[in-house]
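Q: model the following, please.
(chains A and B)
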Amino acid sequence: MKFRSLSIALLAATVATPALSQSISQTDNEWFQAGQARIQTELAKQANTNTAKNVILMIADGNGVGTNYATRLFMGQQEGGYGDDYVLPYETFPHLALSKVYNVNAQTPDSAGTGTAMMGGVKTKAGIIGVTADVDRGDCSTLPGNKVTAISEILHGMGKSTGFVTTARVTHATPASTYAKTVDRNFEDDSELPANCNTQTDIASQLINAMESGLIQVAMGGGARHFVPEDEELLVGGTGRRTDGENLIDTATDLGAYHAYDNASFADAPTDGTPLLGLFESSHMMYSADRFDEPSIADMAEAAVKSLSNDEDGFFLQVESGRVDHANHAGNLARVVRDGEAFAEAVERVVNMVDLSETLVIVTADHEHAIAFNGYCGRGSDILGLCMGIDGNGVEHTDEPNLGSDGKPYTVAGYLNGPGSVLIEQEDGSYSGSRPEVTEAQATDVDYIQQALVPRSSETHAGPDVAIYANGPWSHLIDGTMEQNVIFHVMNHAVNPY
Amino acid sequence: MQRRAFLTAGLGAITATALPGTSLGEDVIKLRDLYARDGSASDLALSREGQRITVDGFMAPPLQAESQFFVLTRIPMAVCPFCETEADWPADILAVYTKRIVDVVPFNRRIQSRGVLELGPYRDPDTGFLSMVRLNDAVYS
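A: Just a heads-up that it's a prediction; the model follows:
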């Protein structure tokens, strides 16, 4: 939605301009009137204190405020606008907070620690899932007595159905936080589990156990390799990774679950409450820019809501867009924003399917990345392209790229580290280099890697706050600057208000 | 004129007049254009099979030292140590069999590889690496 459309819609409510103590000359200005309309909207807000029947937590992995800004501009520019005034679906939500995302032992968090914070209500260490900070990563002996109860387990205990969909592997950190307790996020199948580990099973086994117990009704994403023996071919290509000879997909279907692995089998998936196990790739699902013969995150979220809505007691659903994070790691903003766009579509799809008087919807990210933005760019500079000059005589940019002191143009966005580093390893092992020339056509190519500073194989997460957008019962509790684990407590309060 | 427009405008003329032994930098094909959306060989790849072509991309860290084989990727291979225990190969890669022992190029420096395009499954006897699209008798810069 364009900012102007939103403003006009709100303007109707602004019949009378409030009495002002002195004359203001700009009251006819559209920005002034839009500001007035927004005030009316804020004044009309009422807290929804209904008991939440359903809770939906939607996480775009790595979609911090900066990354989200890039997606906003991309989507707006795709629709022919300047982009910065574009309104993402969740940016219309009535309540917002900033989330402090550090892990107990990490200023820069990882998705295991942040997933545990959101799902379990306690911050913990990086790299561990569903357990407290008393666990030492990788040490199975430290697991007993340190498991946390996830919000999915609490709601399941209340008789609600639960599930998740993700574009990452279903055994990856964020989705695993709905069902797993593990001292290491890398224990995705038994081949990764230490031989002497007797306090837990691998994450894939835990998922199938959760489906057998009824904790998880819907699980869709990638990661088929972790469910199939190493000598067996996968329906999605490649071979399995398991060394225990167990085919956990067969186990799930023997228990009555429906297995989807491509668009056709997904289209045939029952949404009558039959347990759903979708495994569409050997590893992560494809980037949205490259997607072929597998459902979008919006498609999966829609199927999950349909399936889980069969429970008259309500449901819990986690939706994760995992590949916003991965494209950031690659320093490839063109794919970041296309997965961000797919996530936004999923939010819109879900919100249109549920009754917000009884459904709490929280949209957030687990952490930010080392993405940064240059200036001073004129309006309409392509978010993927070069930073064009500001036109003092107009609105749109000058179409002339700004130049660095090295005489070369630069892109709007870049990264502090990653594969796009301008410092290249030399034959003697040292690093040196200079910024390459870049044209608008090169920068906006889907494979372009943004320039970066520190050379690293993979661009990193970063510690700044991320936004939390909330709508529905008790969403007004999402407010101010909050520790990330408070998200759990808001969800828990919404279903158990006191 | 932008660089891409320049390349596109010049492509027809270069293709029409290209001779065996065309030097590096001419008629450069993007790696992604060798694959169709479904992961099979593209019409372009099928039309150039058996011909000497130049492909743009990045050298993935070699699987073996002192090898005459490397993998070309469309974007640099990036592995997040916090998120993954290993790198997953992208679906669209190009196996490059070189004339001489590979002199390793940093994974994030763009290169052009020129060799004879070969299609169809082939498992490398030394590494076990299965490729569907290859350049043989290749050089790179």
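Q: C-alpha only now, for contacts and for neighbours.
A: Fine.
Q: burial of the residue in chain B that chain A sits nearest to, as a residue count?
A: Proximity of chain B to chain A (CA to the nearest CA) peaks at residue B:78, 4.6 Å away. Each residue near residue B:78 was counted by other CA atoms under 10 Å in any protein chain shown, and the total is 22.
Q: quickly find the element holding it.
A: Under the criterion DSSP states H and E, no helix or strand holds residue B:78.
Q: where's the strand with the most length in chain A relative to the chain centroid, distance-wise?
A: For chain A, the strand with the greatest residue count under DSSP state E is strand A:161-169. Remark: strand A:161-169 is offset 12 Å from the chain centroid, using CA atoms, centre = their mean, to the nearest Å.
Q: ok, it near chain B or not?
A: No: judged by CA under 8 Å from any CA of the partner chain, strand A:161-169 makes no contact with chain B; its nearest approach is 10.7 Å.
Q: identify each buried residue in that strand, please.
A: A:161, A:162, A:163, A:164, A:165, A:166, A:167, A:168, A:169 (16 or more other CA atoms under 10 Å in any protein chain shown).
Q: partners of that strand, with directions?
A: According to DSSP bridges, strand A:161-169 has the following sheet partners: strand A:218-222 (parallel), strand A:315-321 (parallel).
Q: average pLDDT for the first one?
A: Same thing as strand A:218-222. Mean pLDDT, strand A:218-222: 98.
Q: how about the helix or strand just after the longest strand of chain A: buried residues?
A: Sequence-wise, the next helix or strand downstream of strand A:161-169 (DSSP H and E) is helix A:173-176. Within helix A:173-176, the residues scored as buried using 16+ other CA under 10 Å are A:173, A:174, A:175, A:176.
Q: as PDB, could you dump the C-alpha coordinates of the longest strand of chain A?
A: Below are the C-alpha coordinates for strand A:161-169, written out as PDB (Å, rounded to 0.1, in the frame of the first residue of the first chain):
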ATOM      1  CA  SER A 161      -3.200 -27.400  17.500                       C
ATOM      2  CA  THR A 162       0.300 -26.200  16.700                       C
ATOM      3  CA  GLY A 163       2.500 -26.100  13.700                       C
ATOM      4  CA  PHE A 164       5.200 -24.200  11.800                       C
ATOM      5  CA  VAL A 165       6.300 -23.500   8.200                       C
ATOM      6  CA  THR A 166       9.700 -22.300   7.200                       C
ATOM      7  CA  THR A 167      11.700 -21.700   4.000                       C
ATOM      8  CA  ALA A 168      14.800 -23.100   5.900                       C
ATOM      9  CA  ARG A 169      15.300 -26.700   6.900                       C
END
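Q: the nearest residue to residue A:163 once chain neighbours are set aside: neighbour count?
A: Spatial nearest neighbour of residue A:163, chain neighbours left out: residue A:218 (4.3 Å); criterion: CA to CA, 6 or more residues apart in numbering or on different chains. Other residues near residue A:218 number 30, with proximity taken as other CA under 10 Å.
Q: surely residue A:218 and residue A:276 touch.
A: Yes: counting by CA atoms under 8 Å, residue A:218 touches residue A:276, with 4.8 Å between them.
Q: any idea of the pLDDT on the residue of chain B closest to chain A?
A: For residue B:78, pLDDT reads 72.
Q: tell me the spacing between it and residue B:45.
A: To residue B:45, residue B:78 is 26 Å away according to CA to CA, to the nearest Å.
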